[in-house]
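Undergrad: Need coordinates for the below:
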Amino acid sequence: MNETTQLPHFREVFRRRERRSVALVRQFVRDALVDWACEERSDEVLLCVSELVTNAVLHGVPPGRGFRLHLHLEPVGGTLRIEVHDSGDGEVRPADSWAASEEEGGRGLRLVEALADKWGVGERNPGKVVWCEFEVSAGAGRGMSTR
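TA: Numbers count the residues shown, from 1 in each chain. The predicted structure is shown next:
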């Protein structure tokens, strides 16, 4: 089951714990950015979406379950907020360093930390919400290609 909600400045999608969900969610976000004429930071946004969704699929979603992505554009303030909701437990934190050779994960969150204007983790029962925000100008990206 893949539910999708589309409102003027809010989109939501539910995806199962599958590797292909990363590409499907990236396309979902890309389409929203085009519809909202909000493409000027699309490369950064899409990279962060990939990292957050990959983390949810690999570490945050128990087998047989899924995750939900919320995408919200505040057109007045120009803030794009991405939230990935999962039902898994566990701590979310970036690797201690970029060159952490022994650690399998955490470097993706370093990218989110470096590219997003803000990011964080919130509680949810069960699970957590990992989010990031970008300051954008709705309408500024009209005509720019994201492909």
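
Undergrad: By residue count, tell me the biggest helix in this structure.
TA: helix 20-35 (DSSP state H).

Undergrad: so what does it touch, helix or strand wise?
TA: Applying 3 or more C-beta pairs under 8 Å, 6 or more residues apart in numbering; DSSP states H and E, one finds that helix 20-35 makes contact with strand 10-16, helix 42-55, strand 66-74. For every residue, glycine as well, the C-beta is placed using N, CA and C.

Undergrad: May I see the ones you listed arranged in CSV, with distance to L24, mean pLDDT and mean neighbour count as well?
TA: CSV is the format used below for the helices and strands packed on helix 20-35 (distance: least, C-beta to C-beta, whole Å; pLDDT from 0 to 100; neighbours: other C-beta atoms under 10 Å):
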stretch, distance to L24, mean pLDDT, mean neighbour count
strand 10-16, 6, 96, 18
helix 42-55, 9, 96, 21
strand 66-74, 10, 96, 20
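
Undergrad: Thought I82 was touching R68, still the case?
TA: No: look at R68 against I82 with C-beta atoms under 8 Å: they stay out of range, at 11.7 Å.

Undergrad: buried set for the longest helix of the chain?
TA: Judged by neighbour count (16 or more other C-beta atoms under 10 Å), helix 20-35 contains these buried residues: 21-22, 25-26, 28-30, 32-34.

Undergrad: Centroid-nearest residue for this protein?
TA: Geometric centre of the chain, nearest residue: V49, 3.2 Å, by C-alpha atoms, centre = their mean.

Undergrad: measure the nearest residue to that residue once chain neighbours are set aside to R81 for me?
TA: Distances taken as C-beta to C-beta, 6 or more residues apart in numbering place V29 nearest to V49, at 5.0 Å, with adjacent residues excluded. To R81, V29 is 12 Å away according to C-beta to C-beta, to the nearest Å.

Undergrad: Report the set of residues contacting both of the two.
TA: L71 (C-beta atoms under 8 Å, 6 or more residues apart in numbering).

Undergrad: Columns distance to T4 on top of the helices and strands packed on helix 20-35, output as JSON lines?
TA: Listed next are these as JSON lines, based on distance: least, C-beta to C-beta, whole Å:
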{"stretch": "strand 10-16", "distance to T4": "5"}
{"stretch": "helix 42-55", "distance to T4": "15"}
{"stretch": "strand 66-74", "distance to T4": "10"}
